[in-house]
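>>> 3D model of this:
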Amino acid sequence: MATAGKAPGNWRKLAIVLIFAGGVIAFFALEGQRQFTLAALKENRAYLLAYVERHYWYMLLAMAAAYVAAVALSLPIATLLSLAAGYAFGAPVATAMIVACATLGAAIAFGAARYVFYDSVMAHAGARTRKIIAGIAENGFYYLLSLRLVPLFPFWLVNLASGLTPLRGRVFVAATALGIFPGSFLFASMGESLGSIEANGELLPTQIALRLGLLGIFVLAPVAIRKLRKRPPSGAPGGKS
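Sure, this is the predicted structure:
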């Protein structure tokens with residue numbers, strides 16, 4: 001009876017693993033990493049605009065689906081898709097699409113990590129992953145928000161690590177959507193000016209990274225204050241005399 005009860009859950013987990021693995025294998029087998037490049041985007045930008053003019057909603061939905069899949073499967077093309085969306089649809093529409101789709105894709109990865117990959121990820125978790133897990137478990141929303149604002153760790157790693165914590169799904173979604181908004185707008189705006197972008201090194205200027213860093217520090221301030229309040233006063237038991 002116990003074995004029969006676990007069978008449906010095991011099959012669901014296997015199906016999810018096969019979907020994730022199949023998507024990643026297909027991407028690299030079809031040389032997606034070579035097809036989705038900034039050079040290819042700039043070379044085909046005129047064709048892209050012309051196609052968007054004729055099939056606006058189809059292209060918007062197609063790009064949205066591609067973005068969700070890329071984030072959920074942790075494929076290395078999200079930045080390029082952000083630029084393409086900004087170029088094709090303009091910064092306002094592209095920003096809304098990026099935030100919505102990146103959040104949805106992250107939520108899928110978050111759920112998969114919690115439901116399917118927990119044992120596997122924890123068994124192979126390195127120091128970086130365990131550091132993220134500990135920070136999110138302790139400080140929740142503010143810590144995750146700071147990781148989204150200041151990408152000290154890969155986006156996909158934060159998604160997986162968050163799924164291994166007690167963090168509630170709605171808190172994960174809220175912190176992700178709010179935290180990625182500034183970066184999404186920046187990349188969408190850069191995409192809107194795609195013709196002036198000549199190299200990957202110009203995609204995220206030092207000034208922009210510095211501003212995002214300061215914003216992340218501001219978000220972390222409540223966490224620091226909370227920790228200071230928990231410290232026993234000087235002279236008290238456990239405090240410094």
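>>> just the helices in the chain please.
2-29, 32-35, 38-43, 45-54, 56-72, 78-89, 91-115, 118-124, 127-139, 141-149, 155-163, 169-192, 206-230 (DSSP state H).
>>> Got the confidence number for N159?
According to the prediction, N159 has pLDDT 91.
>>> Next, work out how far apart the nearest residue to F36 once chain neighbours are set aside and S184 are.
In space, and not counting its chain neighbours, F36 is closest to I77: 4.4 Å by Cβ to Cβ, 6 or more residues apart in numbering. From N, CA and C alone the C-beta is placed, and that goes for glycine too. Using Cβ to Cβ, to the nearest Å, one gets 15 Å for the distance from I77 to S184.
>>> quick one, which of these two is more surrounded?
Applying other Cβ atoms under 10 Å to I77 and S184 shows that S184 carries more neighbours, namely 25 against 20.
>>> Report pLDDT for the closest residue to the more buried one other than its chain neighbours.
Spatially, and ignoring its direct neighbours in sequence, S184 is nearest to I98 (4.1 Å; Cβ to Cβ, 6+ apart). On pLDDT, I98 comes in at 96.
>>> Isn't I98 up against Y67?
Yes. Between I98 and Y67 a contact is recorded at 6.8 Å, counting by Cβ atoms under 8 Å.
>>> list residues touching both of the two?
Residues touching both I98 and Y67 (Cβ atoms under 8 Å, 6 or more residues apart in numbering) are 81, 85.
>>> what about S189, how many residues close to it?
Residues near S189, counting by other Cβ under 10 Å: 17.
>>> separation between the residue nearest the centre of the chain and L61?
Nearest residue to the geometric centre of the chain (Cα atoms, centre = their mean): F155, 4.0 Å. From F155 across to L61, the span is 23 Å (Cβ to Cβ).
>>> repeat for Y67
11 Å.
>>> Give me the more crowded residue out of the two.
A count of neighbours by other Cβ under 10 Å puts Y67 above the other of Y67 and L61, at 23 against 12.
>>> Am I right that that one is in contact with A85?
Yes. Using Cβ under 8 Å, Y67 is in contact with A85, at 7.4 Å.
>>> Between these two, which contacts overlap?
Shared contacts of Y67 and A85, counting by Cβ under 8 Å, 6+ apart, come down to 97-98.
>>> Buried ones in stretch 129-149, by neighbour count?
Within stretch 129-149, the residues scored as buried using 16 or more other Cβ atoms under 10 Å are 129, 132-133, 135-136, 139-149.
>>> what's the burial count for the residue nearest to S184?
By the criterion of other Cβ under 10 Å, I98 has 28 neighbours.
>>> need the contact list for it.
67, 81-82, 85, 180, 184, 187-188.
>>> Most neighbours out of the residues you listed, which is it?
A85 (29 neighbours).
>>> Hmm, L144 and S162 touching each other?
Yes. Here S162 reaches L144: they are 6.4 Å apart, a contact under Cβ under 8 Å.
>>> All set, thanks.
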